[in-house]
Each structure stands twice: as C-alpha cells, then as structure tokens.
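Q: Generate a structure from the sequence data that follows.
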Amino acid sequence: MTNRVTITGVLQDAPKIRSFEQRGGTVEIVSLWIEVKDGDRADRFTVEINDGKAAAAAKAMKKDTIVELTGKLRHDRWKDKATNRWTGKVFVAIDPGEGTLRSKGIASEAPQSEAA
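A: Below is the predicted model:
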C-alpha cells in the first residue's frame with residue numbers, strides 16, 4: 001500500500017455502526033472518532049472500517065480506549081442538497097487486508113502521535 005498512515009490516539013466515543021444494502025447484500029461500516037494529542041495541540045480523525053476482523057475489534061472497544069491503527073487516507077466528496085455546493089471530508093479507511101486496528105488499553109492521558 002503506497003498511501004499509508006499510522007495513528008495512535010484515544011477513542012472519543014463508542015464505535016458507530018452503519019448498515020446499508022448494496023448489490024443484494026448488506027454492507028456494514030464501523031466508524032471511530034480518534035483524538036491525537038501532541039503537546040498543546042489535539043487533532044481528531046474519523047476512521048471508517050470495512051475490514052471484518054478490524055470491525056469486530058472496533059465493536060468491542062469503549063470510549064477512552066487507546067488505539068493504534070494503520071490505514072489509507074481517503075477523500076469523500078458530495079453535493080449538499082440544501083445549498084447545492086460541493087463539500088467533502090478526509091478520513092482514514094481500513095479496508096479488507098490493508099490495515100490494522102489494535103487496542104493499547106484504557107487512556108488516563110492521550111498518547112503522543114505517530115505518523116508514517
């Protein structure tokens with residue numbers, strides 16, 4: 001994988017699970033919201049998990065869990081129906097066989113960031 005990011009941070013909320021129909025089957029996406037502190041700065045990242053093994057691990061995690069993940073940076077773009085303007089977001093995607101998610105315990109204080 002040439003587009004790769006590694007983040008260690010604290011889970012800010014319980015995992016969100018979304019299901020939708022696609023090509024005759026149901027697709028489930030697990031979303032996480034991770035905060036990474038580096039000195040006085042705190043950055044938050046959205047993570048979308050499409051990998052079954054990583055999704056199962058994410059579902060077992062609670063708020064304030066320290067997580068380490070690897071995945072790809074993605075950009076999603078759509079047209080807002082209310083304003084008719086294009087908008088978008090950048091997020092980390094964990095696709096099947098192309099990323100990992102690990103728990104590093106419960107946070108008492110957020111860990112330092114790591115990026116690769």
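Q: make it CA atoms for all contacts and neighbour counts henceforth
A: OK.
Q: Could you pull out the strands in the protein for me?
A: Using DSSP state E, the strands of the chain run over 5-11, 16-22, 25-38, 41-49, 65-79, 86-94, 100-106.
Q: and the fifth one with strand 41-49, angle?
A: It stands for strand 65-79. 70 degrees (axes from the mean of the first three to the mean of the last three CA atoms, to 10 degrees).
Q: do the same with the second one
A: Relative orientation of strand 16-22 with respect to strand 41-49: 40 degrees, computed using the same axes, to 10 degrees.
Q: packing partners for strand 16-22?
A: Counting contacts by 3 or more CA pairs under 8 Å, 6 or more residues apart in numbering; DSSP states H and E, strand 16-22 is packed against strand 25-38.
Q: Can you show me the CA trace of the strand it packs on as PDB?
A: What follows is strand 25-38, C-alpha atoms only, in PDB (Å, rounded to 0.1, in the frame of the first residue of the first chain):
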ATOM      1  CA  GLY A  25     -26.300  -7.900   0.400                       C
ATOM      2  CA  THR A  26     -25.800  -5.800   3.500                       C
ATOM      3  CA  VAL A  27     -22.600  -3.800   4.000                       C
ATOM      4  CA  GLU A  28     -21.600  -2.700   7.500                       C
ATOM      5  CA  ILE A  29     -19.200   0.100   8.200                       C
ATOM      6  CA  VAL A  30     -17.800   0.800  11.700                       C
ATOM      7  CA  SER A  31     -16.800   4.400  12.300                       C
ATOM      8  CA  LEU A  32     -14.400   5.600  15.000                       C
ATOM      9  CA  TRP A  33     -13.500   9.100  16.200                       C
ATOM     10  CA  ILE A  34      -9.900   9.300  17.400                       C
ATOM     11  CA  GLU A  35      -8.100  12.200  19.100                       C
ATOM     12  CA  VAL A  36      -4.300  12.500  18.900                       C
ATOM     13  CA  LYS A  37      -2.600  15.000  21.300                       C
ATOM     14  CA  ASP A  38       0.800  16.400  20.600                       C
END
